[in-house]
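[1] Let me see the structure of the following:
(one chain, ligands or ions: 1)
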Amino acid sequence: MRKSIAIIGGGAAALAFASFINTERYDVTIYEKNKALGRKFLVAGKGGFNLTHSQAISTLKGKYTPEGFLDRCLDTFTNTDFRKWLDEIGIPTYIGSSGRIFPIQGIKPIEVLQNILQHIKNRGVVIKTDYEWKGERLADVMVYALGGASWPVTGSDGSWIQYFEEALPFYGVNCAVRVEWPKSTLQQVEGKPLKNIGIEYKNTRYHGEAVITKFGLEGGVIYQHSLEIRSALNMHQSTTIYLDLKKDLSEQQILLKLKQSGEKTLTSTLKRDLKLSKASIELLKGFVSKDDFLHKVTLAQCIKKLPILVTDMAPIDEAISTIGGIPIDSLTSNFELSDIPDHYCIGEMVNWHAPTGGYLLQGCFSMGYFLATNLSARHP
Ligand SMILES: Cc1cc2nc3c(=O)[nH]c(=O)nc-3n(C[C@H](O)[C@H](O)[C@H](O)COP(=O)(O)OP(=O)(O)OC[C@H]3O[C@@H](n4cnc5c(N)ncnc54)[C@H](O)[C@@H]3O)c2cc1C
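    Below you'll find the predicted structure:
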């Protein structure tokens, strides 16, 4: 006998599940509270639609926390599978210089969404919009794909948490951190990028770019540390990150250049010989005492490891993703709620994390595919 499946929420994970569930065996309906599906998916497409990453799958799997939680589904639907499938539905992709994968130029985010929606409709999936789920059972099998709690304007506001007693509070991750910049420094550096820097936190170092804002620091390199910074700030009022403003030179090489500066002022040595940006030099002036700035050994140390106190993170509404929601230990390895058979949770509503770089969408698509193929193969 045919069974019914209700997918609750119409974001990336729901779209993936609906694309792969066997519609010969199940009557499938998506219930979305907005007037249209995939609003956050479209928001994700705004600054360059980074769908996944081209890394070897073993490296890619290492980006997810908790370690191993998503391994089986990432192995079942890899980044290569994702690209191949996108190609099949008319969305060819390319690998950008950073290894990230995007739709080829000229394809807008809305076209990606429309092609997926067309694919789903062709498979006979019914779409009900303007339907806010409030805890009711709508089908034999319930697949929740309700999303996290950032960017509530997209519908992903986390208010569904009231219907799941095991759910954990949400926190924003992949977001800016607050830094109390000295006033005079901020005037000089606000809006300026810090390119090709390193940021070290708790003995882990990432390289990339960050932008100095009135609030603090934002950008990929800071987002990479956001889970650990979030954990620290949940326990303490502040925590210290370390900037490496000249990552291509060692402290010794920097010191040598400073010593060889001759008659030049230190500022011009920093600019000409060390090629530090104006923003980096202003940060040094703002955070290093005059005595330390004039002491070449200490200055070299500060260029490599400038301590910056972080006192908060951006409000959850502004975060790219959230942690919290359904605890992973309340799910079976098939994403089924252990105490409620036939109720499954996928996507960002589950308490896992990945940095920016296409890993979030890859995680959501792999979860959707994995559950769809498992349910499709299940004996009646
Ligand atoms: C600014 C920004 C940029 C991003 N850029 C990228 C990127 O480039 N690459 C990347 O990999 N990831 C990116 N992400 C993250 C990515 O978009 C999300 O991780 C992903 O969309 C999560 O998918 P999901 O299906 O779990 O949830 P969502 O896409 O959030 O979908 C959940 C859906 O459930 C609906 N819903 C909620 N409650 C109810 C209810 N009670 N009844 C019915 N429907 C309900 C919501 O309206 C929503 O449509 C970005 C996110 C943001 C905010």
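
[2] Could you use CA atoms for every contact and neighbour count after this?
    Fine.

[3] Wait, residue 87 touches residue 102, no?
    No - with contact defined as C-alpha atoms under 8 Å, residue 87 does not reach residue 102; the gap is 11.7 Å.

[4] Those two - which one has more neighbours?
    residue 102 (23 against 13; other C-alpha atoms under 10 Å).

[5] hmm, back to that, overlap of the contact sets of residue 87 and residue 102?
    residue 93 (C-alpha atoms under 8 Å, 6 or more residues apart in numbering).

[6] Tell me the residues of the stretch 101-250 of the chain that contact the ligand?
    Residues of the stretch 101-250 of the chain lying near the ligand by C-alpha under 6 Å from any ligand atom: 131-134, 145-148, 151, 154-156, 160.

[7] Show me these that map onto helices.
    Taking DSSP state H, every one of those sits outside helices.

[8] among those, which two are most distant?
    The span of those, defined through C-alpha to C-alpha, is set by 134 and 151 at 20.4 Å.

[9] The two: who's more crowded?
    Legend: neighbour count by other C-alpha under 10 Å for residue 134 and residue 151, higher for residue 151 (18 against 10).

[10] Disregarding residues adjacent in the polypeptide, which is nearest to that one?
    Nearest residue to residue 151, sequence neighbours excluded (C-alpha to C-alpha, 6 or more residues apart in numbering): residue 317, at 4.8 Å.

[11] Checking my notes, residue 310 in a strand, right?
    Yes - remark: residue 310 belongs to a strand, assigned using DSSP: H, G, I helix; E, B strand; the rest coil.

[12] What is the burial count for it?
    By other C-alpha under 10 Å, 19 other residues sit near residue 310.

[13] Please report how far it lies from residue 63.
    Separation of residue 310 from residue 63 (C-alpha to C-alpha, to the nearest Å): 24 Å.

[14] picking that back up, for ChimeraX, what selects the buried ones among the residues of the stretch 101-250 of the chain next to the ligand?
    Selection of buried members from those for ChimeraX, criterion 16 or more other C-alpha atoms under 10 Å:
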select :133,145,146,147,148,151,154,155,156,160
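
[15] per-residue pLDDT, residue 380?
    pLDDT for residue 380: 62.

[16] Spit out the contact partners of the residue in the stretch 151-300 of the chain that the ligand sits nearest to.
    Taking C-alpha to the nearest ligand atom, the ligand has its nearest neighbour within the stretch 151-300 of the chain at residue 155, 3.3 Å off. Residue 155 sits next to 33-34, 39-40 when contact means C-alpha under 8 Å, 6+ apart.

[17] Do a quick rundown of the helices in the stretch 201-350 of the chain.
    220-223, 226-235, 251-259, 266-268, 278-287, 290-294, 296-304 (DSSP state H, counting those that start in this stretch).

[18] Buried deepest among the ones you listed, which one?
    helix 220-223 (a mean of 24; mean count of other C-alpha atoms under 10 Å).

[19] Tell me where the model's unsure across the stretch 251-380 of the chain.
    Of all residues in the stretch 251-380 of the chain, those with pLDDT under 70 make up the ranges 379-380.

[20] Close to the ligand: what parts of it are there?
    Residues of the stretch 251-380 of the chain lying close to the ligand by C-alpha under 6 Å from any ligand atom are 320-321, 347-349, 357-361, 364.

[21] for the stretch 51-200 of the chain, which spans come out with low pLDDT?
    Along the stretch 51-200 of the chain, no part satisfies pLDDT under 70.

[22] Would you map the helices across it?
    Listed in chain order, the helices of the stretch 51-200 of the chain (DSSP H, counting those that start in this stretch) span 57-61, 71-76, 79-88, 109-122, 183-189.
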